[in-house]
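Colleague: what follows is a predicted structure for the sequence shown.
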Amino acid sequence: MDATPLASRRAAVDVLMACLDKGQPLDDALGQHRGFAALDPRDRAFVRLLLASTLRHLGEIEGVLSGLITKPLEGANAVGRQVLRLGAAQLMFLGTPPHAAVDTSVRLVEDAGLHHLKGLVNAVLRRISRDGDALLVDRDPARLNTPRWLWESWIHAYGEDTTRAIAAAHLNEAPLDLTVRRDADHWAVQLEAEKLPTGTLRRKGGGHIAELPGFAEGTWWVQDAAAALPVRLLGDITDKRVADLCAAPGGKTMQLCAAGAQVTAVDISARRMTRLGDNLARAGLSANLVTADASKWTPGEKFDAILLDAPCSGTGTLRRHPDIAWLKDEEDVARLTVTQDRLLVHALGLLKPGGTLVYAVCSLQEDEGVERINGVLVRNPQVKRIRVTPAELPGLEDAITPRGDVRTLPFMWADRGGIDGFYMARLTTN
């Protein structure tokens, strides 16, 4: 057997184990796997697709496997479970030829020293290759692929119809969104992209980003259309002193710089700040970079505007990061809300009277969104909400809440490929 497909699938097994068995974020696990880095670009793309598909459909896959396996694969046999998950994903969702999916899966458990699982893996995957469509009949993909804690929280916040639409949108791969420094119409042609109503350029996924025109010159950067909105809500920031708190990896910092602001970018991670600096350098932009805890950082002068893109659960980005659904839980959200409150209160103290602060999270959890804002408004009567108007969000008027905040949902712009789930609120102080 050709060693290349086996090497790519071996990397996928290792990464899936690091993610689901050890709780490591998918991107981190991929970045730290030497075997993955050694693969050629095409095989790396396959590994990413295989892992994303497995995680995106993990509930369905588990439902099928649980009906075919009588005893759980645990302890030393746990690798067999991941091999079966990846094999099932290839057969049910990627259209991999049965002989390739089955044979490589058997080889993987054999190479792992689990010779006693060869027969089981072979039999289970051959059954799926033969009866896969029938095994999926009458199942509920939206519900099965959403962990209970998420499903119940969304039902409470949005109702069942909206929850189903959110969960269904998460089963689709996200397109590639780009923020352009200037001349979006020109670059839409150069990049064969659609210009969205908010100015973001959107391409279908695929290809090597660094090889696209304009990348090396920093003409544009990758940023979901929803993630590009918070900077827009600050209005005209030309020559204004703006703080970007929790700034790395820097998409919003670059937006602020390109809009003519005097930017101070703050993040607690030195590694991520190095990456931010590299991104700015590529684009020929400059900002004052500060590595510090933004909830404690106290500069000598207050700011005209502040962008607080707070650490959050990331449940609005499951199209791009399907591992989050299986790695986070209610306790993570509860811990994060404490951090969000601390950051929000401190950030308001850094704002000049009459200045503008935009709070944003890429989360669908109301605990991390409107409840944080409502809490600070109740506790501090000097803080006021500035309502977002439909004219500020062309094409996304439905995302404006009755209170005047912004809540994007993954199924919005479905005909264009969807959008990440974000919450944003705009505040000022007396």
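Modeller: On my side now, so go ahead.

Colleague: let me know the outermost residue of this protein.
Modeller: Distance to the chain centre peaks in the chain at H116, reaching 38.3 Å (criterion: CA atoms, centre = their mean).

Colleague: per-residue pLDDT, A210?
Modeller: pLDDT recorded at A210 is 85.

Colleague: find the nearest non-adjacent residue to it, please.
Modeller: Closest residue to A210 apart from its sequence neighbours, by CB to CB, 6 or more residues apart in numbering: A216 at 7.4 Å. For the C-beta atoms, the positions are set from N, CA and C on the backbone; glycine is no exception.

Colleague: OK, contacts around P25?
Modeller: Neighbouring residues of P25 by CB atoms under 8 Å, 6 or more residues apart in numbering: 19, 321, 323-324, 327.

Colleague: do the same with T253
Modeller: Contacts of T253 (CB under 8 Å, 6+ apart): 244, 247, 263, 265, 276, 280, 287.

Colleague: one more time with 6 Å, if that's ok
Modeller: Residues near T253 by CB atoms under 6 Å, 6 or more residues apart in numbering: 244, 247, 265, 287.

Colleague: of those, closest to S363?
Modeller: A247 (17.9 Å; CB to CB).

Colleague: state the next helix or strand along the chain beyond the helix or strand containing V102.
Modeller: Using DSSP states H and E, V102 sits within helix 98-111. Going down the chain from helix 98-111, the next helix or strand is helix 118-136, by DSSP H and E.

Colleague: what comes up buried for that following helix?
Modeller: 118, 120-122, 124-125, 128-129, 132, 135-136 (16 or more other CB atoms under 10 Å).

Colleague: as CSV, the residues you listed with distance to H346 and pLDDT would be great.
Modeller: Below are the buried residues of helix 118-136 laid out as CSV (distance: CB to CB, whole Å; pLDDT from 0 to 100):
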residue, distance to H346, pLDDT
K118, 57, 95
L120, 55, 95
V121, 53, 96
N122, 58, 96
V124, 53, 95
L125, 53, 96
I128, 53, 95
S129, 56, 94
G132, 53, 82
L135, 52, 87
L136, 49, 85
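
Colleague: from those residues, which single one is nearest A334?
Modeller: In terms of CB to CB, no member of the buried residues of helix 118-136 lies closer to A334 than L136, at 35.1 Å.

Colleague: returning to what we had before: name the member of the contacts of T253 with the most neighbours.
Modeller: Counting neighbours by other CB atoms under 10 Å, D244 comes out on top of the contacts of T253 with 33 neighbours.

Colleague: and the one helix or strand that residue maps to, how far out from the chain middle?
Modeller: According to DSSP H and E, D244 maps onto strand 241-245. Centroid separation between strand 241-245 and its chain, computed with CA atoms, centre = their mean, to the nearest Å, is 23 Å.

Colleague: now do the helix or strand just after it against strand 241-245, angle only.
Modeller: Later in the chain than strand 241-245, the nearest helix or strand by DSSP H and E is helix 251-258. Orientation of helix 251-258 against strand 241-245 (axes from the mean of the first three to the mean of the last three CA atoms, to 10 degrees) gives an angle of 170 degrees.

Colleague: I'd like the next helix or strand past the host helix or strand of A142.
Modeller: Taking DSSP H and E as the criterion, A142 maps to helix 141-144. Sequence-wise, the next helix or strand downstream of helix 141-144 (DSSP H and E) is helix 148-158.
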